[in-house]
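**Student:** fold the following.
(one chain, ligands or ions: 1)
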Amino acid sequence: MAKTATSRVDKLLSSMGYGSRREMALMARAGGITLDGADLLDVTRRIPVTRDLPTRMTIDGEPLDPVVGMVILLNKPLGMTCSHKETGPLVYDILPARWKSRNPTISTIGRLDKQTSGLLLLTDDGDLLHRVISPKRHVKKTYRAKLARPLTGSEGDLFASGTVMLEGEDKPLAPAELEVLSPTEALLSVYEGRYHQVRRMFAATGNHVEDLHRESLGGLTLPDDLRPGQWTLLGEAEIAAIFQ
Ligand code: URA
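**Tutor:** Numbering: from 1, shown residues only. Here you go, the predicted model:
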């Protein structure tokens, strides 16, 4: 059986963004940290780092954040970027500020353009991130696109053909599925994650995407009651559903 890793409490909390080790020592001395219902005063103590720690430990009266393998489902609003490097509002600004200091860092699983809304996953689990974005996994992503011009009727067959070559690329797109909702609205499901893929696919047919929204990823669908800018933490069954 794999051995459970242990960590000093101050080191663990500091890596989770709660503050410096010194700040953790001061907080503990003030009675701000509890473990299994009792004040934890000595932050140099080593404890097993288990998934159930958030049910056993409190910080300033609040349950501890998830320790490892955190997966966040965000309804990304328009106008926010997924890159850490860009200026302007970032999707990370929506999450608790301390999470920006977590190590391992929280990253988006793939990206949505600044002007794309909808289902976006973020995680501190690098293995999971790579599994979801790996082209070998064929994780389905479904987008609702509103178009500037009416569809001609030939787009579905073209996208399904696996022959579409995007400008500047040397490998055709994998087959994708189009469901027409109205003359100027469609659901497009793709199994890759190329740069600006959906916008470029419609551009290749002479059309232009005016609004783009991701509705689902793998077996996960954006919940109706999750408003733009709201997020939720996924449980194990929901994480597994990504690959269904
Ligand atoms: N395709 C795009 O063109 N943009 C996105 O944000 C996602 C997929």
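**Student:** who in this structure is up against the ligand?
**Tutor:** The interface of the chain toward the ligand, taken as C-beta under 6 Å from any ligand atom, is made up of 112-113, 116, 196-199, 212. To be clear about C-beta, it is placed using only N, CA and C from the backbone, and glycine gets the same treatment.
**Student:** can you put those residues in a markdown table and add pLDDT?
**Tutor:** Putting these into a markdown table (pLDDT from 0 to 100) gives the following:
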| residue | pLDDT |
| --- | --- |
| 112 | 97 |
| 113 | 96 |
| 116 | 98 |
| 196 | 97 |
| 197 | 98 |
| 198 | 98 |
| 199 | 98 |
| 212 | 98 |
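**Student:** among those residues, name the ones in helices.
**Tutor:** Within those, residues falling in helices by DSSP state H are 197-199.
**Student:** host element of the closest residue to residue 183 other than its chain neighbours?
**Tutor:** Excluding its sequence neighbours, the residue lying closest to residue 183 (C-beta to C-beta, 6 or more residues apart in numbering) is residue 150, at 4.0 Å. Residue 150 belongs to no helix or strand when assigned by DSSP states H and E.
**Student:** next, residue 150: phi, psi?
**Tutor:** Torsion angles at residue 150 (phi, psi; degrees, to the nearest 10) stand at phi -60, psi 150.
**Student:** show the end-to-end separation of stretch 210-230, please.
**Tutor:** 23 Å (C-alpha to C-alpha, to the nearest Å).
**Student:** any regions of this protein where pLDDT drops low?
**Tutor:** Counting by pLDDT under 70, the chain contains low-confidence residues at 1-2.
**Student:** hang on, residue 157 in a helix?
**Tutor:** Yes. According to DSSP: H, G, I helix; E, B strand; the rest coil, residue 157 belongs to a helix.
**Student:** any idea how far it lies from residue 177?
**Tutor:** Residue 157 sits at a distance of 11 Å from residue 177 (criterion: C-beta to C-beta, to the nearest Å).
**Student:** and what of residue 27?
**Tutor:** Going from residue 27 to residue 177 by C-beta to C-beta gives 52 Å.
**Student:** this completes my enquiry, with thanks.
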